[in-house]
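Trainee: Here's a sequence, model it:
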Amino acid sequence: MTDLITCLSTGKGTWNEVRNVIEKEDWRKVFIITNEFGKQKYQPIKDTEFIVVDARKSLRELMEIVSKALGDKVEGTEVGLNLTSGSGKEHMAILAAIIKAGLSFRLVAVESDKLMHI
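Mentor: Below is the predicted model:
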């Protein structure tokens, strides 16, 4: 089982996409990068760890927050990564944190009700 890292932020309809990605695979652990609103409103369906960020912070600060929160909690050398939701700045911070941790990633999304590995 692989861990999943996903962003849950802005974008109409993207929360459903995130939920579908989480449901379609037997992830070991799910890390959701979101804001305080997302943490309060999103109802997790699996073993989930929220990493709360404030998108008004600098890119470097966001990357450090995500890096520190992930720490050594990710198992293995590869993660599933879904960036359907969120902003480019959030995505860059997440990618930078994954690269800094020495992890590889495969992009995942749902298409035609099936999980697609990109």
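Trainee: Please make it C-alpha for all contacts and neighbour counts, starting now.
Mentor: Will do.
Trainee: After the host helix or strand of Ile98, which helix or strand is next?
Mentor: Applying DSSP states H and E as the criterion places Ile98 in helix 88-100. Sequence-wise, the next helix or strand downstream of helix 88-100 (DSSP H and E) is strand 104-111.
Trainee: And that next one, how far out from the chain middle?
Mentor: 11 Å (C-alpha atoms, centre = their mean, to the nearest Å).
Trainee: Measure how that strand sits relative to helix 88-100, angle-wise.
Mentor: Angle, strand 104-111 to helix 88-100, by axes from the mean of the first three to the mean of the last three C-alpha atoms, to 10 degrees: 140 degrees.
Trainee: Just list what strand 104-111 packs against, helices and strands only.
Mentor: helix 14-23, strand 78-82, strand 114-117 (3 or more C-alpha pairs under 8 Å, 6 or more residues apart in numbering; DSSP states H and E).
Trainee: For the following helix or strand past the first one, which residues meet the burial criterion?
Mentor: Going back to what we said before, that points to helix 14-23. Note on helix 14-23: by DSSP H and E, the next helix or strand toward the C-terminus is strand 30-34. Buried residues in strand 30-34, counted by 16 or more other C-alpha atoms under 10 Å: Val30, Phe31, Ile32, Ile33, Thr34.
Trainee: still on that earlier bit, mean pLDDT and distance to Arg60 added to the helices and strands packed on strand 104-111, as CSV?
Mentor: Converted to CSV, those look like this (pLDDT from 0 to 100; distance: least, C-alpha to C-alpha, whole Å):
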stretch, mean pLDDT, distance to Arg60
helix 14-23, 94, 25
strand 78-82, 98, 20
strand 114-117, 94, 29
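Trainee: Tell me which of these sits nearest to Val52.
Mentor: helix 14-23 (15.7 Å; C-alpha to C-alpha).
Trainee: Test my guess that Lys24 contacts Leu115.
Mentor: Yes - at 6.0 Å, Lys24 and Leu115 qualify as touching, with contact defined as C-alpha atoms under 8 Å.
Trainee: Could I get the average pLDDT for the helix or strand Glu61 falls within?
Mentor: Assessed by DSSP H and E, Glu61 sits inside helix 59-70. Averaging pLDDT along helix 59-70 yields 97.
Trainee: In CSV, list the C-alpha atoms belonging to that helix.
Mentor: Taking C-alpha atoms only, helix 59-70 is exported to CSV below (Å, rounded to 0.1, in the frame of the first residue of the first chain):
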residue,chain,number,x,y,z
LEU,A,59,6.0,29.6,-1.1
ARG,A,60,9.1,28.9,1.1
GLU,A,61,7.0,29.0,4.3
LEU,A,62,4.4,26.7,2.8
MET,A,63,7.0,24.2,1.6
GLU,A,64,8.6,24.1,5.1
ILE,A,65,5.3,23.6,6.8
VAL,A,66,4.5,20.7,4.5
SER,A,67,8.0,19.2,4.8
LYS,A,68,7.9,19.4,8.6
ALA,A,69,4.4,17.9,8.8
LEU,A,70,5.3,15.0,6.5
